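# Have a look at this prediction, sequence included:
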Amino acid sequence: MRRYNSKSQKVALGGIVTLLSTVSLYISSILPTNRLFFFALSTFFLAAIIIENNIGFAVLVYFSSSILSFIIIPNKAAVLPYAIFFGYYAIVKSLIERINILAVELFIKFMLFNLSIYITYSIVSRALLGEIIIKLPAWAVFLLMQLAFIVYDYAFSLGVYFYRNKIRPKIR
């Protein structure tokens, strides 16, 4: 496994990933569609940092991209999902999957996801928008979000697998 050992290599890689994450978040804030795709893409960049360096460095890149996004992106509500869930999910996922007990891993992931949804909903509804009106029953929204999370987590795992086995060997 190739590690970036020199400080200049780490700083350069961290800067590139911070830039890519921030650009991805900016695009998600200006496009009317595909927002979830760009949030997921910004998370994938952090997964590459974890693979190429370590979790500690990924935490630093997450904080720097979150702060930079809050400074640069005019629509602060568009940055909240990244700051509250998507940004650090690659870090947490890599730690959770070290447990190696599927039921425990899934329980922790779902609890984290639902907590982040609650925090995002609380912030957006109380501080930014007022009451959020949803035309579906609450149980249906909850169920759809859980299914979306399962798809996201699986797709994220496939993306990491693809990076490790297809992309990474070609860029070494």
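That came through fine. All of these numbers come straight from a predicted model, not from anything done at the bench.
# Please make it C-alpha for all contacts and neighbour counts, starting now.
Noted.
# list the contacts for the residue nearest the centre of the chain?
The centre of the chain sits closest to residue 86, judged by Cα atoms, centre = their mean, with a distance of 2.4 Å. Residue 86 makes contact with 39, 40, 42, 43 under the criterion Cα atoms under 8 Å, 6 or more residues apart in numbering.
# could I get those as TSV with neighbour count and distance to residue 169?
Below are the contacts of residue 86 laid out as TSV (neighbours: other Cα atoms under 10 Å; distance: Cα to Cα, whole Å):
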residue	neighbour count	distance to residue 169
39	24	26
40	22	23
42	28	22
43	23	21
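# quick one: secondary structure of residue 136?
Put simply, residue 136 is coil when judged by DSSP: H, G, I helix; E, B strand; the rest coil.
# on that earlier part again, okay, the residue nearest to the centre of the chain: pLDDT?
The model reports residue 86 with a pLDDT of 92.
# any idea how far residue 65 is from it?
Computed as Cα to Cα, to the nearest Å, the residue 86 to residue 65 distance reads 12 Å.
# circling back to that earlier point, next step: the contacts of residue 86 restricted to helices.
39, 40, 42, 43 (DSSP state H).
# farthest-separated two in those?
Spanning the widest gap among these are 39 and 43, at 6.5 Å by Cα to Cα.
# any residues in contact with both of the two?
What both residue 39 and residue 43 touch, as defined by Cα under 8 Å, 6+ apart, is the set 86, 87.
# show me the contacts for residue 45.
Listed by Cα under 8 Å, 6+ apart, the contact partners of residue 45 are 17, 20, 21.
# Return the closest of these with respect to residue 53.
Using Cα to Cα, the contacts of residue 45 come closest to residue 53 at residue 17, 12.2 Å.
# Is that closest one in a helix, a strand, or coil?
helix.
# so who does it touch?
Counting by Cα under 8 Å, 6+ apart, residue 17 touches 45, 46, 49, 61.
# hang on, the earlier thing: nearest to residue 126 among the ones in helices among the contacts of residue 86?
residue 39 (22.8 Å).
# what's the pLDDT at residue 111?
For residue 111, the model assigns a pLDDT of 96.
# ok, it - contacts?
By Cα under 8 Å, 6+ apart, the contact set of residue 111 is empty.
# Kindly provide the distance from it to residue 117.
Taking Cα to Cα, one finds residue 111 at 10 Å from residue 117.
# Could you pull up phi and psi at residue 56?
Torsion angles at residue 56 (phi, psi; degrees, to the nearest 10) stand at phi -60, psi -40.
# before we move on, the earlier item: ok, now how distant is the residue nearest to the centre of the chain from residue 158?
Residue 86 is 16 Å from residue 158, by Cα to Cα.
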